[in-house]
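Chemist: following is a predicted model, sequence given first.
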Amino acid sequence: MAQVPAFLNDAYMSLEACRISPLDRGFIFGDGVYELIPVYGRKAFCLQQHLVRLARSIEQVRMHNPYTQSQWEDMVENLIQQAISPDLAVYIQVTRGVATRDHGFPESTSPTVFAMANPLMEIPNEQLQKGVALVTVDDIRWQRCDIKVVDLLPNILAKQDALQAGAAEAIMVRDGFALEGSSSNLFVIRKGEVYTHPKDNLILPGITREIILELLGALGLKFHEQAIPENWLYLADELWITSSAREILAATTIDQHTVGDGVPGKLWKDVYALYQQRKVGD
Ligand code: PDD
């Protein structure tokens, strides 16, 4: 495997050289936050938005942000320059640091900062041509899904349920509303209008979601940021999932019901094409 450039506590090294204490609170408690930034042609896509969200996640879990915005930018830029592939997924994780295991915050511990730049996973052509399958699952996550925390157990269990059902993503349903995927946001298209859950504590405010809303505006399409009743999933003309890793994918089945005509829809094609332009133009 080609060397993956990494960063750990102020030093650049290969991923294999990174060593973290088992007492790191990220390991012991999942006491940390993260970001995943896509890089196209050695240019980080929507870097500012990702760094703003990272700073907010750090602040919301009452950790100290060890770097300024420009220090974060430099670190990402350095990793990009060291990587072999021009298309990358830069992963950043910040934990509350290493301390004797005790639930309360440690007094004088500095955060652990880890980052790595892996080659970006290609989106399978078949998923673009044929669309993907979705399943619904009960959302068993906490009440602060707006913070990008490393504790992803409910998301992992949901994703595994999807994979075992032959689907690509699980849609989280809470109190009768369809919120988002295990690692993506959800868009529902009904009667030519687009719906996505509002930015509240029940979803991650996706950067891709925000770009898609901008693109819909540019296309002159009407969109609504509102709670989506679960049964709309079965009445939709189109369903999309969006994320930094998977861009925008059309779903053609949900819980084995066919979505629309059973092929990626016209609106998806338009928005997907605009997204591809935006990736290189940002
Ligand atoms: N996940 N919702 C959840 C729960 C997510 O984990 C993600 C992203 C998104 C989409 O956010 P964005 O468009 O900013 O990537 C929505 C990343 C990719 C991950 O966990 O790897």
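Modeler: Perfect, thanks for sending it. Predicted model, so just to flag it, every value in this text is computed and none were measured. Residues are numbered from 1 along each chain as shown.
Chemist: hey, let's count contacts and neighbours off CA atoms from now on
Modeler: Will do.
Chemist: Leu163 falls within a helix, correct?
Modeler: Yes. Counting by DSSP: H, G, I helix; E, B strand; the rest coil, Leu163 is part of a helix.
Chemist: so what's it up against?
Modeler: Contacts for Leu163 were tallied using Cα atoms under 8 Å, 6 or more residues apart in numbering; they are Glu169.
Chemist: tell me the spacing between it and Arg174.
Modeler: Counting by Cα to Cα, to the nearest Å, the gap from Leu163 to Arg174 is 20 Å.
Chemist: show me the contacts for Ala167.
Modeler: Ala167 neighbours (Cα under 8 Å, 6+ apart): 132-135.
Chemist: mind checking which of those residues are in strands?
Modeler: Secondary structure from DSSP state E places 132-135 of the contacts of Ala167 in strands.
Chemist: returning to what we had before: just the buried residues from the contacts of Ala167, in PyMOL please.
Modeler: Applying 16 or more other Cα atoms under 10 Å to these leaves a buried subset, and the PyMOL line that selects it is:
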select buried, resi 132+133+134+135
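Chemist: and the contacts of Ala167 as CSV, adding distance to Ile207 and pLDDT?
Modeler: Listed next are these as CSV, based on distance: Cα to Cα, whole Å; pLDDT from 0 to 100:
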residue, distance to Ile207, pLDDT
Val132, 21, 98
Ala133, 23, 98
Leu134, 21, 99
Val135, 23, 98
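Chemist: make a markdown table from the contacts of Ala167 and add distance to the ligand to it.
Modeler: Listed next are the contacts of Ala167 as a markdown table, based on distance: Cα to the nearest ligand atom, whole Å:
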| residue | distance to the ligand |
| --- | --- |
| Val132 | 17 |
| Ala133 | 17 |
| Leu134 | 15 |
| Val135 | 15 |
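Chemist: any weak-confidence spans in this protein?
Modeler: 1, 282 (pLDDT under 70).
Chemist: near the ligand, which residues of it?
Modeler: For the chain, the residues in contact with the ligand (Cα under 6 Å from any ligand atom) are 36, 182-185, 204, 206-209, 242-245.
Chemist: got a list of what Val39 touches?
Modeler: 45, 80, 86-90, 120.
Chemist: count the residues that sit near Arg19.
Modeler: Residues contacting Arg19 under the criterion other Cα atoms under 10 Å number 8.
Chemist: what about the strands in the stretch 1-150 of the chain?
Modeler: For the stretch 1-150 of the chain, the strands defined by DSSP state E, counting those that start in this stretch occupy 5-8, 11-14, 32-40, 43-44, 88-95, 112-119, 132-138.
Chemist: look up how far Gln3 lies from Asp151.
Modeler: Applying Cα to Cα, the value for Asp151 to Gln3 is 27 Å.
Chemist: out of the two, which sits in the more crowded spot?
Modeler: Comparing Asp151 with Gln3 by other Cα under 10 Å, the one with more neighbours is Asp151, at 17 against 14.
Chemist: so that one sits against Gly30, correct?
Modeler: Yes. Counting by Cα atoms under 8 Å, Asp151 touches Gly30, with 5.2 Å between them.
Chemist: report the set of residues contacting both of these two.
Modeler: Contacts common to Asp151 and Gly30, judged by Cα under 8 Å, 6+ apart, are absent.
Chemist: what angle sits between the helix of greatest length in the chain and strand 32-40?
Modeler: In the chain, taking DSSP state H as the definition, the longest helix is helix 266-281. On the basis of axes from the mean of the first three to the mean of the last three Cα atoms, to 10 degrees, helix 266-281 is oriented at 90 degrees to strand 32-40.
Chemist: which elements pack onto helix 266-281?
Modeler: Using 3 or more Cα pairs under 8 Å, 6 or more residues apart in numbering; DSSP states H and E, the elements in contact with helix 266-281 are helix 207-218, strand 247-254.
Chemist: so what strands line up beside the last one?
Modeler: Spelled out, that is strand 247-254. strand 132-138 (parallel), strand 238-243 (antiparallel), strand 257-258 (antiparallel) (DSSP bridges).
Chemist: so which of those strands gets nearest Val194?
Modeler: Nearest of the strands paired with strand 247-254 to Val194, taken as Cα to Cα: strand 238-243 at 9.1 Å.
Chemist: now that closest one - C-alpha only, CSV.
Modeler: Once non-C-alpha atoms are left out, strand 238-243 reads as follows in CSV (Å, rounded to 0.1, in the frame of the first residue of the first chain):
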residue,chain,number,x,y,z
GLU,A,238,-36.8,10.8,-6.5
LEU,A,239,-34.7,10.1,-3.4
TRP,A,240,-31.1,11.3,-3.1
ILE,A,241,-28.4,10.9,-0.5
THR,A,242,-25.5,13.3,-0.2
SER,A,243,-22.1,13.4,1.4
